[in-house]
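Asks: Need the 3D shape of this:
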Amino acid sequence: MKTPIGILLLFALVLSCQESENSNLSETSEGIPNIVGKQEYLNSPYVTAGNRVYMVGHQNGSFPDIGWHIKGEMGGIWNHPIKLMDGFTITLFDNQDTLSLDKADRFTNYPMASKFDYTWTKRNIEIERWQFAPDDRQGAVVQLVIKNLGAEQKLKLKFEAVSDLRPTWLGERTNMFNGKDVAEFDDDNQIWKIKDSLNEWYTLFGSELEFDQKSSFNSSVTQNKTSRNGIEDVLFLENGQTHIINYIIAGSYISEEDALSTFEALKNNIKTDFISKRDRYRTLAEQSKLTVPDKNIEQAFEWLKYNCDWLVRKVPEIGTGITAGIPDYPWWFGVDSEYALKGYMAVGQRDATYSTIKLLDSLSEATNGNGRIIHEVSTNGAVFNEGNINETPQFASLIWEVYQWNGDKEFLRTYFPTIKKGLHWLMTEKDLDNNLFPDGYGMMEIHGMDSEMIDVASYTQRAFDDASKIAEELGEKNLAKEYRKTANALKIKINTEFWSEDFNSYADFIGTDQQALRLIDDAIKRAQSLNKPWAVEELETTKATILKNPSDKPRPFVLHHNWVVNTPMEMNIADEDKAEKGLKTAEKFVNPFGVFVTGIDRDESVGSDDGSFKGTKVFSYTGAVMTLPTSVQAVAENNYGNPDQALNYIQRMTRTFSFAFPGSIYEVSPDYGMITQAWNIYGFAIPIVQQFFGINPQAQNKKVIIRPQMPTKWDNASIENVIVADNTISVYYSKSDGKLNLKVLQNNPNWEVELILPKTVGNISYEFTQSSEELIPNDNSYVVKSKSKKIELMLSY
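Replies: The predicted model follows:
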């Protein structure tokens, strides 16, 4: 016979089962893509991301100290521009046994959620810990799915959280100072409310068990400004039953009322919020949907679209934009965005692109007012770096690239004033000798490398070329002519003054002998410390040559073999013969995962090095292979007709996909630095969408040019639902037995598709299976122009 307390607990069980039917995330997640992490990386970071709040901990379920920007504080739960919690612990126990949910058996990543699996063998209990951060809410949900496979049993369940209401990086510059967290239990709402003593910053958390009995609450003293508070409940677990417990975490940097409102919204919309986010991610997956023979690349491409969304950070008082990387760069950057957003447009993530550009433009104007684009700004609005030299020209090219996708002339009018001011600033204040090469730091932040840098020169040339097109579009004919003249002159100068025939490479920089000798001495020390004897020998030879043949004028130097020497090929401005030599030289500075940031860091074991990156204890990119240099090489190879080699670089990056954090690619290959990075999409979307499939939009003319350049290994490939303004394009490519079948679909018949196919050796025959267009021979290609919704043809050669 049941006792009164037993009846009460049974009633609680019924309510818990009802809740299970309503909001069991395990059931709601069925059919969603997911990737199980590696056992050896359970003690490494993950992120569960929302656009307002995200959580960073370890894949075993713990929350250790993570990060270096704010030492040990970049993990936990963040609601930028403040932190909410260092983390939490969940414990099941009775008088005999204890299970702490910080040593997961398995970690599984979903596009919109994280899952940790635990097995309590002694008690015959399996537990899933789910967590997700809903869109546009300042909070997160943690759900336990507890399956009792053994006898009926009663346990206690404790959720203990460590609040840490503190400002993000550079908070002191915006008068954000950290006070002691003060905790108060709200008996009416049965939640903990924690407030920063100096600010209207709040963290709230509570459980959602639907039990009639009240939970018990407890606190313990901390030695710093945090607070530690717990919720303890009694669970009655029946045999064969599944029980759902939800924990709600909410916050605000505005007011207590704001935090309470968020808490209620989270509590009342768990399943709705989860389904909404799930369905939104399904839409992301369908945009620019890739199908190729290499399923690893196909999967990486899909998940990079999810990664892109994880990095969107919304702070309504400042703006919304993509951030560089998690955990240590969760704020906004100029150059990271300028690479990444080209890829964002190619995969249809337009809103993130527009909001980021708007944010960068407004912050740059407020900070500089002269067109110079900022480099790095914290989510509290504090600008750390007013802008490296390459970021201003790269902004101009980004605007032109986006305009190709959206065709919105008002978009050009909005940002062209910034471009004009920026190019004027670049060529007056930063080119004091008037030789068209601006002086200052570019992508390589090596101390002393601040003269005339190859990447700055390359991006400046491209900026003037793109700005001339913008001026033409907006009717500024004379300015267009002036910009074009500068672009043409720069192209010639780069190919003559930056090229080194001795090294078959473009120079790292143009500078004085004195500057070069200082840099060589530093580089020799670096190479010696990394045990790179070949680099030491080469640098000493270069030093001897300089001393033997001195110059009193600046000249080009190849010292570090930095990846930026390949930007003339990335920007497609290198002469054909120089490009061929330069790309071949670049192949020396790789390992199985990609391209070295600094070529002199390469060693003789690069062909067999397939292990973890051994980074320094103090965060550094020394010795690093990174995704951005590898991405630049993929784009560069395609520019000069080498899709097989471009694919090779993409394959190298793909080897790092899910290497440490399932569903993501690290910034430093394969497992160092940021666990997810915005500019990774550049190295996949541009080479694949715009170069392999050859989709080059001209939305302003309601036209899409398609010039396929497919790797030989991809006999069957398709890209579907590529968004171009109010049109979508799909391309299907298949090749076998000397026949090429090509099909192009568009959903807007008012647009023109111009299909350009390269001529092959020998005769070529063709037939259209769905339309009556003509294949027109051109100098080096065949051209089809059509306004049909479907163009399908078969080529035989």
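Asks: and residue 648, what element?
Replies: helix 643-654 (DSSP states H and E).
Asks: what does that helix rub up against?
Replies: By CB atoms under 8 Å, 6 or more residues apart in numbering, the residues outside helix 643-654 that reach it are 294, 296-297, 300, 583, 590, 592-595, 627, 630-631, 633-635, 637-638, 665, 669, 680, 683-684, 687-688, 691-692, 709-714. For the C-beta atoms, the positions are set from N, CA and C on the backbone; glycine is no exception.
Asks: Please list only the buried members of those residues.
Replies: Buried members of those, scored by 16 or more other CB atoms under 10 Å, are 294, 297, 300, 583, 590, 592-595, 627, 630-631, 633-635, 637-638, 665, 669, 680, 683-684, 687-688, 691-692, 709-711, 714.
Asks: Give me the subset of these that lies in helices.
Replies: 297, 300, 583, 627, 630-631, 633-635, 637-638, 683-684 (DSSP state H).
Asks: export those residues to CSV and tack on pLDDT and distance to residue 378?
Replies: Converted to CSV, those look like this (pLDDT from 0 to 100; distance: CB to CB, whole Å):
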residue, pLDDT, distance to residue 378
297, 98, 35
300, 98, 30
583, 98, 38
627, 97, 24
630, 98, 28
631, 98, 26
633, 98, 32
634, 98, 32
635, 98, 30
637, 98, 37
638, 98, 36
683, 98, 27
684, 98, 28
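Asks: Mind telling me the two of those farthest from one another?
Replies: 300 and 583 (23.5 Å; CB to CB).
Asks: Map the structural domains onto the sequence of the protein.
Replies: 4-281, 693-796 (automatic domain parsing).
Asks: Can you tell me which of those has the worst average pLDDT?
Replies: Least confident of the domains of the chain, judged by mean pLDDT, is domain 693-796 with a mean of 81.
Asks: mind checking how far that one is from the chain centre?
Replies: Put simply, domain 693-796 sits 30 Å off its chain's centre (CA atoms, centre = their mean, to the nearest Å).
Asks: Tell me who's in contact with the nearest residue to residue 293 once chain neighbours are set aside.
Replies: Of all residues not flanking residue 293 in the chain, residue 714 sits nearest, at 5.8 Å (CB to CB, 6 or more residues apart in numbering). By CB under 8 Å, 6+ apart, the residues touching residue 714 are 292-294, 647, 692, 733.
Asks: Turn the residues you listed into a markdown table, including distance to residue 161.
Replies: Putting these into a markdown table (distance: CB to CB, whole Å) gives the following:
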| residue | distance to residue 161 |
| --- | --- |
| 292 | 45 |
| 293 | 48 |
| 294 | 44 |
| 647 | 47 |
| 692 | 48 |
| 733 | 53 |
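Asks: Any idea how many residues pack against residue 600?
Replies: Using other CB atoms under 10 Å, residue 600 has 23 other residues around it.
Asks: Adjust the sequence numbering to begin at 28 for everything that follows.
Replies: I'll keep to 28 as the first residue from here, and by that count the last item is residue 627.
Asks: For it, give me its contacts.
Replies: 550, 553-554, 559, 562, 565-566, 586-588.
Asks: For it, which non-adjacent residue is spatially closest?
Replies: residue 562 (3.9 Å).
Asks: shaky segments in the stretch 328-477 of the chain?
Replies: Applying pLDDT under 70 to the stretch 328-477 of the chain flags no residue at all.
Asks: Please apply the same query to the stretch 528-677 of the chain.
Replies: 631-637, 642-645.
Asks: mind redoing it with 80?
Replies: 630-639, 641-647 (pLDDT under 80).
Asks: and residue 615, how many neighbours?
Replies: Neighbours of residue 615 under the rule other CB under 10 Å: 13.
Asks: returning to that earlier point: okay, the contacts of residue 627 in CSV with distance to residue 606 next?
Replies: Output for the contacts of residue 627, formatted as CSV (distance: CB to CB, whole Å):
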residue, distance to residue 606
550, 26
553, 29
554, 28
559, 27
562, 25
565, 23
566, 26
586, 21
587, 20
588, 17
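Asks: who wins for most neighbours among those residues?
Replies: residue 587 (27 neighbours).
Asks: so what's it up against?
Replies: Contacts of residue 587 (CB under 8 Å, 6+ apart): 471, 473, 535, 546, 550, 625-627.
Asks: try 7 Å
Replies: 535, 550, 625-627 (CB atoms under 7 Å, 6 or more residues apart in numbering).
Asks: secondary structure element for it?
Replies: With DSSP H and E as the test, residue 587 turns up in no helix or strand.
Asks: Mind picking the one among the contacts of residue 627 that's closest to residue 370?
Replies: For the contacts of residue 627, the nearest to residue 370 is residue 588 (26.1 Å; CB to CB).
Asks: gap between the closest one and residue 526?
Replies: According to CB to CB, to the nearest Å, residue 588 stands 15 Å off from residue 526.
Asks: and if you look at residue 511?
Replies: From residue 511 to residue 526 the distance is 23 Å (CB to CB).
Asks: These two - which one has more neighbours?
Replies: residue 526 (20 against 17).
Asks: what's across from the more buried one in the sheet?
Replies: residue 533 (DSSP bridges).
Asks: Would you check that it makes contact with residue 606?
Replies: No. Look at residue 526 against residue 606 with CB atoms under 7 Å: they stay out of range, at 10.7 Å.
Asks: For residue 256, give me its contacts.
Replies: Going by CB under 7 Å, 6+ apart, residue 256 touches 188, 210, 219, 246.
Asks: Show me the strands in the stretch 428-577 of the chain, by range?
Replies: Secondary structure of the stretch 428-577 of the chain, counting by DSSP state E, counting those that start in this stretch: strands at 479-480, 526-527, 532-533, 536-538.
Asks: nearest to residue 764, of the contacts of residue 256?
Replies: Looking across those and measuring by CB to CB, the closest to residue 764 is residue 188, at 64.0 Å.
Asks: if you skip the residues just before and after it, what's nearest to the closest one?
Replies: residue 115 (4.2 Å).
Asks: And the residue nearest the centre of the protein?
Replies: residue 705 (1.9 Å; CA atoms, centre = their mean).
Asks: For it, which non-adjacent residue is spatially closest?
Replies: The nearest residue in space to residue 705 (CB to CB, 6+ apart) is residue 367, at 4.0 Å.
Asks: wait, isn't that neighbour in contact with residue 708?
Replies: Yes. Proximity of residue 367 to residue 708 meets the contact threshold set by CB under 7 Å, at 5.7 Å.
Asks: Kindly list the longest strand within this structure.
Replies: The strand that spans the most residues within the chain, counting by DSSP state E, is strand 180-194.
Asks: The residue nearest to residue 705 - how many residues pack around it?
Replies: By other CB under 10 Å, 29 other residues sit near residue 367.
Asks: What does it show for phi and psi?
Replies: Main-chain dihedrals, residue 367, degrees, to the nearest 10: phi -60, psi -40.
Asks: got a list of what it touches?
Replies: Taking CB under 7 Å, 6+ apart as the criterion, residue 367 is in contact with 349, 705-706, 708-709.
Asks: Take the residues you listed and keep only those in strands.
Replies: Secondary structure assignment by DSSP E places residue 349 of the contacts of residue 367 in strands.
Asks: For the contacts of residue 367, which single residue is the most surrounded?
Replies: residue 705 leads the contacts of residue 367 on contacts (other CB under 10 Å) with 31 neighbours.
Asks: Thanks a lot, catch you later.
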